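**Q** Attaching a predicted model along with its sequence, questions to come.
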Amino acid sequence: MAGAAVPCEGSRESLRNNIMSVDQVGTIFAVAIGFAVAGLLATGYQLVMQRPASFNLLQHGPRPSTFAALPLLIFAAPFIIMRNTIRGRRIEQRGFGTVMMATIVAGCWSLMSGTVVVMALAACGFSAS
């Protein structure tokens, strides 16, 4: 019976030991929430303003509209970074290293903004459990 799919004893133990901790699940949840909120904000901005959100909103100098755009850009940045990265890869043929670095930056930014959103939801009484 050479074709039998019986896992060996070593793999059974490794499967038991590869359980994710609560902190790891919380981190993945925060990254996912961060990307979801970023996409929601950037798409909502594009729906209302009829143009995509970009970091160019900060280039108009110290005006009230610039300060109003700051919270939007803080939370929508992971989406904007990834959108620009994908477009840059298609149009400008950017290399793998550039795309990987931009993805890491967007992921870290999403983790931080997602953590803020999860903490704000928990403070409002919404919990994950």
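**A** Nice, thanks for sending it over. Numbering: from 1, shown residues only.

**Q** Can you pull out the low-pLDDT segments for the chain?
**A** 1-16, 128-129 (pLDDT under 70).

**Q** Tell me which stretches of it form helices.
**A** Applying DSSP state H to the chain gives helices spanning 9-17, 22-49, 64-91, 96-123.

**Q** Dump those helices to JSON lines, plus distance to Phe55 and mean neighbour count.
**A** (Glycine included, C-beta is placed from N, CA and C.) JSON lines is the format used below for the helices of the chain (distance: least, C-beta to C-beta, whole Å; neighbours: other C-beta atoms under 10 Å):
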{"stretch": "helix 9-17", "distance to Phe55": "44", "mean neighbour count": "9"}
{"stretch": "helix 22-49", "distance to Phe55": "12", "mean neighbour count": "16"}
{"stretch": "helix 64-91", "distance to Phe55": "6", "mean neighbour count": "16"}
{"stretch": "helix 96-123", "distance to Phe55": "12", "mean neighbour count": "15"}
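
**Q** Ok, which of those comes nearest Leu57?
**A** Comparison of the helices of the chain against Leu57 by C-beta to C-beta identifies helix 64-91 as nearest, at 4.0 Å.

**Q** Mind giving me the packing neighbours of that closest one?
**A** Contacts defined by 3 or more C-beta pairs under 8 Å, 6 or more residues apart in numbering; DSSP states H and E place helix 64-91 against helix 22-49, helix 96-123.

**Q** Arrange the helices of the chain in TSV, one row each, with distance to Asn56 as further columns.
**A** Converted to TSV, those look like this (distance: least, C-beta to C-beta, whole Å):
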stretch	distance to Asn56
helix 9-17	49
helix 22-49	12
helix 64-91	10
helix 96-123	17
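
**Q** Please list all residues in contact with Leu58.
**A** Thr66, Ala69, Leu70, Leu73 (C-beta atoms under 8 Å, 6 or more residues apart in numbering).

**Q** Then Phe55?
**A** Leu73, Ala77, Ile80.

**Q** Correct me if wrong: the first one contacts Asn56.
**A** No. Using C-beta atoms under 8 Å, Leu73 makes no contact with Asn56, being 10.0 Å away.
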